[in-house]
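> need a structure here:
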Amino acid sequence: MWITCLQENMSRGLGVVGRAVATRATLPVTQNVLLTTDQSRLKLTATNLEIAISTWIGAQIDHEGSVTIPARLLTEFVNQLPDDQIEIDLLDGSKGVTLECARFKASMNGLDAEEFPPIPTVEGGTTVVVPADVLKGAIERVAFAAATEDSRPVLTGIKVEIAGNKLTLAAADGFRLGVETVELVTGVEEDMGFIVPAKTMQEVQRLIGDRADDITITITEPASQVLFKFGDIEIVSQLVQGAFPDYGKLIPASAGTTATMKVEDFLQATRAAAVFARDGSGIVRLIVSPGEDGAPGKVTVESRAEEIGGDQGEFDATIDGDEAKVAFDSRYLLDVLGVLGSGSGTVTLETTTPSSPGVIRATDREGYTHVVMPMFVQW
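Numbering: from 1, shown residues only. Just a heads-up that it's a prediction; the model follows:
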């Protein structure tokens, strides 16, 4: 016997690394998962050559060894096994394995571990530490603003800036910008910046889950790779090369009108308007109206679709400044309001003219800013 481990642990480990398995591969071995013994534990690794995820699970090791097995086959089979011990043995020449669990038994052909791409090691670089929940929240509120098309590769990444004990994430797709600054547990003496693929950051967010431990981030010198390490998980990713836009210039320095409102009110009105906006180019119109004679102000959210009709909803808001009108793509508003959540939280919307960007800030998150470009409509 080579190794023995619990089905639950194997299933969990395969679930961790599975998202890094290549789906369409010119190198067939990248559709496999690498199983190798490492310091009395079983190490699982998968890579698509852009990102590599490794995790360690407890196992009883009889002797050292390694092999690669088709990830989909191994994962689907292990997930169907009962909650019991799995005994795994290497086939001759480490070209496959046999698995036994309770009254189930299978053999799987694989490839020699030497054919698996070497996983980069990130050593001797710059390291910072950030609380897990802080990083997870920042990624959630920023990553969705990154571009999904490759026409401008730098916009498919998230700009990470580290200055002293502050870490800033910024993402933009040409129509919106999300920025959040958080505090580090340990910072740096020299400021630095690099671009991490948004897909990598979203995997980090997913794998953090409900973890409470800190995240260690290490960047190679020169900046070409980044390592995220937490618990028994390591994620190594290539960095995006190129110049990220100077996003600071996209944030208006001042606003003619500021509306402060409950997130849930803004979100509900936008969802209702979006029903009609789907047939009207996705556009929702906002009219910000100050109150008169001490009465509270209000925000009106409306949408129009020539063939099916229209919608209008309004809610109370505290208005500072003059009346303002501006139109946005409903999807962009729903995205940002969705991640800010509902309940008793409040947000501010800052704007000046119908052609000015809208700036959304969460009043309980000092370091968060979201900019949405306006849509041009006939008022």
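> Got the phi and psi for the residue lying closest to Ile53 once chain neighbours are set aside?
Nearest residue to Ile53 in three dimensions, chain neighbours excluded: Ala20, at 4.1 Å (Cβ to Cβ, 6 or more residues apart in numbering). Placement of C-beta: from N, CA and C, glycine included. Note on Ala20: its backbone torsions stand at phi -90, psi 0 [degrees, to the nearest 10].
> show me what contacts Ala20?
Ala20 makes contact with 46-48, 51-53, 203 under the criterion Cβ atoms under 8 Å, 6 or more residues apart in numbering.
> again, only this time at 7 Å
Neighbour list for Ala20: 46-48, 51-53 [criterion: Cβ atoms under 7 Å, 6 or more residues apart in numbering].
> what's the answer for Glu183, then?
165-166.
> all numbers from here: first residue = 592
Understood, numbering begins at 592; the last thing we discussed is Glu774.
> and the gap between it and Val930?
Separation of Glu774 from Val930 (Cβ to Cβ, to the nearest Å) stands at 20 Å.
> same question, Ile824
24 Å.
> What score does the residue nearest the centre of the chain have for pLDDT?
Centroid-nearest residue in the chain, with Cα atoms, centre = their mean: Gln793, separated by 2.3 Å. Looking at Gln793, its pLDDT reads 97.
> In the stretch 792-941 of the chain, what residue spans correspond to helices?
854-868, 921-931 (DSSP state H, counting those that start in this stretch).
> Identify the residues contacting the nearest residue to Ile730 once chain neighbours are set aside.
For Ile730, ignoring the flanking residues on the chain, the nearest one in space by Cβ to Cβ, 6+ apart is Gln796 at 4.3 Å. Contact analysis of Gln796 by Cβ under 7 Å, 6+ apart lists 727, 730-731.
> per-residue confidence for Gln796?
The model reports Gln796 with a pLDDT of 96.
> Also Val879?
Listed pLDDT for Val879 reads 96.
> Return the distance of it relative to Val917.
For Val879, the distance to Val917 (Cβ to Cβ) stands at 8 Å.
> Check Pro843 too.
Pro843 sits 12 Å away from Val917, going by Cβ to Cβ.
> ditto for Glu897
21 Å.
> Neighbour count: the two, which is higher?
Comparing Glu897 with Val917 by neighbour count (other Cβ atoms under 10 Å), the higher total belongs to Val917, at 24 against 8.
> hey, what's the more buried one bridged with?
Beta bridges link Val917 to Leu877, judged by DSSP bridges.
> list the contacts for it?
Residues in contact with Val917 (Cβ under 7 Å, 6+ apart) are 877, 942, 945, 949, 965.
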